[in-house]
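Participant: Quick one, what's the 3D model for this:
(one chain, ligands or ions: 1)
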Amino acid sequence: MESITQKRCTLCAKTFPATREFFGHYARNGNFKSNCRECERARVKAWRKKNPQKATFIKSSTL
Ligand SMILES: [Zn+2]
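Facilitator: From the prediction side, this is the model:
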């Protein structure tokens, strides 16, 4: 039986399996981010609110 490494989110302190399902990862080196997807989403949302012009630019450049 394969055991999945658990990883703790540094923001919400919840523990999730260290998989791409729960943690985003850096495209450059493949390492998982220190915060879970949910916190990452909240972080990005807050950032977009703070930087609406930049967020619009990123959105239009990635779509
Ligand atoms: Zn989290």
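
Participant: and Thr10, which of the three is it?
Facilitator: With DSSP: H, G, I helix; E, B strand; the rest coil as the basis, Thr10 sits in coil.

Participant: where's the closest residue to it other than its chain neighbours, which helix or strand?
Facilitator: Residue nearest to Thr10 in three dimensions, not counting chain neighbours: Ser34, with 4.5 Å by CB to CB, 6 or more residues apart in numbering. Backbone N, C-alpha and C define where each C-beta goes, glycine included. Using DSSP states H and E, Ser34 falls within strand 32-36.

Participant: swap in Gln53?
Facilitator: helix 52-62.

Participant: again with Arg41
Facilitator: Element membership for Arg41 (DSSP H and E) is helix 37-50.

Participant: what does that helix contact?
Facilitator: Cys9, Leu11, Cys12, Glu21, Phe22, Phe23, Gly24, Lys33, Asn35, Ala55 (CB atoms under 8 Å, 6 or more residues apart in numbering).

Participant: got it, and stretch 26-34?
Facilitator: Contact partners of stretch 26-34, identified using CB under 8 Å, 6+ apart, comprise Lys7, Cys9, Thr10, Ala18, Arg20, Phe23, Gly24, His25, Glu40.

Participant: Cheers, nothing more for now.
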